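Q: Here is the input, now give the coordinates:
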Amino acid sequence: MGFPGVWMTESQSMIYRVVPKCACSTIGQIMFYSDHGRFFDGDIHDSKDGLHKWSQEQSQSPIENAVRTHAAPTFTCVRNPYARILSSFFDKIAGIQRNGKRYRGNLVPQLMQRYGVDVGSPENGFDFDQVASFRRFLLFARDTIRWRRPMEPDIHWSAMSGHIATFIVNGGRYDKIFFTEKFNHGMAHVLDDLETPVRVDLAQVPRFNESEGHGPKRAHKVSDYFDDLSRHLMWEIYKDDFRLFHYDFDDPDNKMPKAEVDLEEVHAKLSR
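A: Numbering: from 1, shown residues only. Below is the predicted model of the structure:
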């Protein structure tokens, strides 16, 4: 299976397991800058050179060798599951993508027909009932994850623990897992433990939010989107994320983790 979702600097100074909707655009740009002294012009997900990616055939051998020999510090980043699934909804379902189209072609029409999801349009200012539509989307996300129907689960709402586990199961080991909510603190700890061709000043790094400005803004606080049924679905889908990464299931408005990640626990539980 190899190491899907893994990026590595060309200098092999660091290895990163991408977790979608967890600051991956910013992390990728930092990695690119640390080798080249400039940011990639565009969405880092579109880069074809300047950064090793498992999805690029020529990068697979260098990545595999580096991972198997633990030649570089390896890390990933996680995010509050409530905020992450909301971000997935507003970006991938309610938003318009960079190419000017809806995500995955017929996905939104399918959601409208099968689940009654309404996401408005740019023409009406994205005027729709955000709470009702999100809750219906969450039911759809649960169906894709639990029963793989009406489609395979998408990487943007698959559990973080699932993404992170593939790296461990295939022979990798993390040195750090930090929180999107404490981004500068966590990324600084990663950079402190390695040498890069170009020094990175985190205070000067912009946030690369590639989905921003292409869809509706969230109109309510996080807890307004999650009634009792929604929270039941969240636990069904993401209980490992809440437990392993110590996020507060009982208070959706508390975005901060309650404890640091225990790497030994993560490796033990996700290696099975």
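Q: what's S133 in contact with, if anything?
A: Counting by C-beta atoms under 8 Å, 6 or more residues apart in numbering, S133 touches A94, V117, D118, V119. All C-beta spots, glycine's among them, are computed from the backbone N, C-alpha and C.
Q: let's see 7 Å
A: V117, D118, V119 (C-beta atoms under 7 Å, 6 or more residues apart in numbering).
Q: Of the residues you listed, which belong to strands?
A: Secondary structure from DSSP state E places none of the contacts of S133 in strands.
Q: Distance to G171 and pLDDT added to those residues, as JSON lines?
A: What follows is these, written out as JSON lines (distance: C-beta to C-beta, whole Å; pLDDT from 0 to 100):
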{"residue": "V117", "distance to G171": "40", "pLDDT": "96"}
{"residue": "D118", "distance to G171": "45", "pLDDT": "94"}
{"residue": "V119", "distance to G171": "41", "pLDDT": "93"}
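Q: Go ahead and build a ChimeraX selection from the buried members of the residues you listed.
A: If you want just the buried ones from the contacts of S133 in ChimeraX, going by 16 or more other C-beta atoms under 10 Å, the selection is:
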select :117,118,119
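Q: could I get the contacts of S133 as a markdown table with distance to W157?
A: Output for those, formatted as a markdown table (distance: C-beta to C-beta, whole Å):
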| residue | distance to W157 |
| --- | --- |
| V117 | 14 |
| D118 | 19 |
| V119 | 15 |
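Q: from the contacts of S133, which single one is nearest D49?
A: Nearest to D49 among the contacts of S133, counting by C-beta to C-beta, is V119 at 35.5 Å.
Q: ok, the closest one - contacts?
A: If you count contacts by C-beta under 7 Å, 6+ apart, then V119 has I93, A94, V108, F128, S133 around it.
Q: the helices in the stretch 51-200 of the chain, which residues?
A: Residue ranges of the helices in the stretch 51-200 of the chain, as given by DSSP state H, counting those that start in this stretch, are 57-68, 81-88, 107-115, 130-147, 160-169, 183-192.
Q: Just say which of these is most tucked in.
A: Compared across these, helix 81-88 shows the largest average neighbour count, a mean of 23 (mean count of other C-beta atoms under 10 Å).
Q: Out of the contacts of V119, flag the one nearest to R243.
A: Using C-beta to C-beta, the contacts of V119 come closest to R243 at I93, 26.6 Å.
Q: any idea how far that closest one lies from W147?
A: Distance, I93 to W147, using C-beta to C-beta, to the nearest Å: 19 Å.
Q: re the thing from before, let's have the helices of the stretch 51-200 of the chain in JSON lines, adding distance to R272 and mean pLDDT.
A: Shown next, in JSON lines, are the helices of the stretch 51-200 of the chain (distance: least, C-beta to C-beta, whole Å; pLDDT from 0 to 100):
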{"stretch": "helix 57-68", "distance to R272": "20", "mean pLDDT": "97"}
{"stretch": "helix 81-88", "distance to R272": "21", "mean pLDDT": "97"}
{"stretch": "helix 107-115", "distance to R272": "32", "mean pLDDT": "94"}
{"stretch": "helix 130-147", "distance to R272": "18", "mean pLDDT": "97"}
{"stretch": "helix 160-169", "distance to R272": "8", "mean pLDDT": "98"}
{"stretch": "helix 183-192", "distance to R272": "26", "mean pLDDT": "97"}
